[in-house]
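Engineer: pasting the structure only:
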């Protein structure tokens, strides 16, 4: 991804350290966090210096390469974030490779390059859908910050922009956690025209023919095509269909979970009140406010036009 | 409305002063603002001590009663908020009454009681729709704070609760200005069970059969039934129909504007960036963030089940 005109990744290896774009400071300031050993990598994961499942997996892979005691490193990294599938997958991948005699840095690099390559292909496949003059809506941040580079939903934007296409992106602010601001930060540095809108305004722009397509990421896709993603995705999908606007889901093949029959099997987590009642640690709601805060929702396959994957565009 | 167990109105006359619940402090603290003369009433309107078109009209009526120089009072009040129709209507009403020899305080009282009576009737008509055990979604604040007492969308809740019905209210936080917090404040003091949710979560609860009906207010209703209301209302109306949930619009007959053929004739104001980028005067978005901020949207008549008015429930 471009930042101030230079190419960056969400994290990378430099002189036997792991360097991270410090996502705790974004979008307000751009700082680099350096982890010199596995403990500092574990801290970066735990304290959300790095966010997004693929990027966390990459951090774990790099972390495993930093030290000789593979078992101890794995233990420290596993203790960081208990629910991140990619984290455990990356640790096991690294143990296998190192056990087979592969150099840790080489193995980690392969792991990370594979993620990036898949995202780039999602971008190449998705960019064909983007025509000059289009207005496109996206929800949450399925960007390079979460996937090391390119992103999933944002990859087609990067590639289309690189090919000289002109288009405009509406960015849902994505309450409660305002991940839309991270998307805006990525698009701004890429030089892609965009505006952040209240989640409430997405329907307004769709109805007024100001949205030609919607692209979002997905956290998990069931066998039948139903998918879970950030809360509010379902609303935008319903509004898109109501207004005859194509709705695309950009995700790597690994997001398809054939063990899940359909969306009804996906359990939705309700998260703490403070996500809604605080912004950047400052309270915006009175202490007595009662809140419900589901973090994700499920959109059924009927609302999806196509899935954009690294292996091509898949019809539902 | 009940506040700490006592009956209050958004504003009232006491010892030749106008007393206001200071809405600048809500929902964080409950303070009374006293205006002893027309200048202080004008300040209260301008500085948003009082908000909501009917309540602003009431403030102007009371303000006109406070002083002998009717012309000068009218001038000062007219200069407060240029776009508030009720404000100008109330001023002209008071000039007429005083010109005909009526006592200013009596005329203002009549004006205000008429507003309250209409809201109460909206409540009585709407409360018949509310059944024990229902879960109801509302958007923005169409409450007593905006209409002196009862509210429009919130009036049926007050009356149903008074009749001992048990129900639960989902309150959209209503970005960008978070008027849902005012609704939560009113419901809390009334003792009505509720939870504030991200606007993004309304669809989630509808899809999961956790919403039995939706009630919102309206700023303006066209001849054919299309209506303008706070941004996001259209989204909730589409989601309600998609999930077979009845959608009611509560508004006095005066909101129906027969000069407007349909919703396409209603011009939507885009407001300043700071509404989205600041909360309580504190910035939540980086300075460079590009924003679009439509304040209202139009929902076409097809999404409305019925209109709840003081003259009864009107089918579309």
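Structural biologist: It's in. None of these values were measured; they are calculated from a predicted model.

Engineer: C-alpha only now, for contacts and for neighbours.
Structural biologist: OK.

Engineer: neighbours of residue A:312, how many?
Structural biologist: For residue A:312, the neighbour count with other C-alpha atoms under 10 Å in any protein chain shown is 15.

Engineer: distance check, the residue nearest to it when sequence neighbours are not counted against chain B.
Structural biologist: Residue nearest to residue A:312 in three dimensions, not counting chain neighbours: residue A:125, with 5.9 Å by C-alpha to C-alpha, 6 or more residues apart in numbering or on different chains. Look at residue A:125 and chain B: by C-alpha to the nearest C-alpha, to the nearest Å, they are 28 Å apart.

Engineer: after the helix or strand hosting residue A:125, which helix or strand is next?
Structural biologist: In this assignment (DSSP states H and E), residue A:125 forms part of helix A:104-127. Downstream of helix A:104-127, the first helix or strand assigned by DSSP H and E is strand A:134-138.

Engineer: and that next one, anywhere near chain B?
Structural biologist: No: shown here: strand A:134-138 not in contact with chain B (C-alpha under 8 Å from any C-alpha of the partner chain), separated by at least 12.8 Å.

Engineer: now that strand, how far from the chain's geometric center?
Structural biologist: Computed by C-alpha atoms, centre = their mean, to the nearest Å, the chain-centroid distance of strand A:134-138 equals 18 Å.

Engineer: who does it pair up with?
Structural biologist: Here strand A:134-138 has these sheet partners by DSSP bridges: strand A:167-172 (parallel), strand A:213-216 (parallel).

Engineer: ok, the most centrally placed residue in chain A - contacts?
Structural biologist: Central residue of chain A (C-alpha atoms, centre = their mean): residue A:142, 3.3 Å from the mean position. Shown in contact with residue A:142 (C-alpha atoms under 8 Å, 6 or more residues apart in numbering or on different chains): A:151, A:152, A:153, A:154, A:183, A:216, A:217.

Engineer: list the contacts for the third one?
Structural biologist: Which is residue A:153. By C-alpha under 8 Å, 6+ apart, residue A:153 lies in contact with A:138, A:142, A:143, A:215, A:216, A:217, A:249, A:250, A:251.

Engineer: then the last one?
Structural biologist: Contacts for residue A:217 were tallied using C-alpha under 8 Å, 6+ apart; they are A:142, A:152, A:153, A:229, A:249, A:250, A:251.

Engineer: quick check: buried residues in the helix or strand containing residue A:77?
Structural biologist: Using DSSP H and E, residue A:77 sits within helix A:70-78. By neighbour count with 16 or more other C-alpha atoms under 10 Å in any protein chain shown, helix A:70-78 contains the buried residues A:70, A:73, A:74, A:76, A:77, A:78.

Engineer: could you dump the residues you listed into JSON lines with distance to residue B:118 and pLDDT added?
Structural biologist: Converted to JSON lines, those look like this (distance: C-alpha to C-alpha, whole Å; pLDDT from 0 to 100):
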{"residue": "A:70", "distance to residue B:118": "74", "pLDDT": "95"}
{"residue": "A:73", "distance to residue B:118": "70", "pLDDT": "97"}
{"residue": "A:74", "distance to residue B:118": "68", "pLDDT": "97"}
{"residue": "A:76", "distance to residue B:118": "66", "pLDDT": "97"}
{"residue": "A:77", "distance to residue B:118": "64", "pLDDT": "97"}
{"residue": "A:78", "distance to residue B:118": "63", "pLDDT": "95"}
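
Engineer: circling back: isn't the residue nearest to residue A:312 up against residue A:308?
Structural biologist: Yes: taking C-alpha atoms under 8 Å as the definition, residue A:125 is a contact partner of residue A:308 at 6.8 Å.

Engineer: looking at the two, which is more packed in?
Structural biologist: Set side by side, residue A:125 and residue A:308 show more neighbours around residue A:308, with 30 against 20, by other C-alpha under 10 Å.

Engineer: where's that one relative to chain B, distance?
Structural biologist: 24 Å.

Engineer: please apply the same query to residue A:143.
Structural biologist: 17 Å.

Engineer: find the nearest non-adjacent residue to that residue, please.
Structural biologist: Nearest non-adjacent residue to residue A:143 (C-alpha to C-alpha, 6+ apart): residue A:151, at 3.8 Å.

Engineer: which residues does that neighbour contact?
Structural biologist: Applying C-alpha under 8 Å, 6+ apart to residue A:151 gives the contacts A:119, A:120, A:142, A:143, A:144, A:145.

Engineer: SS state for it?
Structural biologist: Look at residue A:151: counting by DSSP: H, G, I helix; E, B strand; the rest coil, its state is coil.

Engineer: phi, psi of it?
Structural biologist: When read as degrees, to the nearest 10, the backbone of residue A:151 gives phi 90, psi -180.
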